[in-house]
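Show me how the following folds:
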Amino acid sequence: MEEKLNEMEQAGIITRTSTPYSSPLTFTLKKDGSIRVLLDARSINKKMVAETEKPSIQLDVLNSFHGANYITTIDLNNAYFQIPINKDGRKYTGFTFNGKSYVYNVLPQGLKTSVGSFSRAMNLILGPEVQEFCVNYLDDLAIITTGT
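I've put the predicted structure just below:
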């Protein structure tokens, strides 16, 4: 686990610093056997304002496939880690591991607003023209092709 946190620090995902907030960390294994670090932010999530942007609903995503000949799905690797958190908000993502305090510089998995913030960013990036054939669902993209 410490090796994974060192990798995250080297990549700029987290920074070692003091913080007045500290949530527990949990770890899970990804499909490929690598470690996924999750922030157990339940206590801080209770105090956060809900994100207004919501991810696509599964049924809406499935309905957009109507008439598709081909569907290509792309799993966006470490998708949330591509969205930075402003400096003032980072303190709320604090955690301690082996006596060292850290904060996230990017959206962590486990924070109440991460899914909505990522969805908003993807909607802005894709824009309405691309969204006619490309659908974002959580950290995946589905590209819909009609015809050959």
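
so where's the protein shaky on pLDDT?
Scanning the chain for pLDDT under 70 picks out the ranges 52-64, 148.

Just want the phi and psi numbers for the residue positioned nearest the centre of it.
Nearest residue to the geometric centre of the chain (C-alpha atoms, centre = their mean): Tyr80, 2.8 Å. With angles defined as degrees, to the nearest 10, Tyr80 sits at phi -60, psi -30.

Leaving out chain neighbours, which residue sits closest to it?
Leu107 (4.0 Å; C-beta to C-beta, 6 or more residues apart in numbering). C-betas here are computed from N, CA, C, even on glycine.

Pretty sure that neighbour sits against Arg120.
No. Here Leu107 does not reach Arg120: they are 11.1 Å apart, not a contact under C-beta atoms under 8 Å.

Those two - which one has more neighbours?
Neighbours per residue, other C-beta atoms under 10 Å: of Leu107 and Arg120, the larger number sits with Leu107, 23 against 17.

one step back: these two touch, right, the residue nearest to the centre of the chain and Met122?
No. Applying C-beta under 8 Å as the test, Tyr80 and Met122 come out as separate, 10.9 Å apart.
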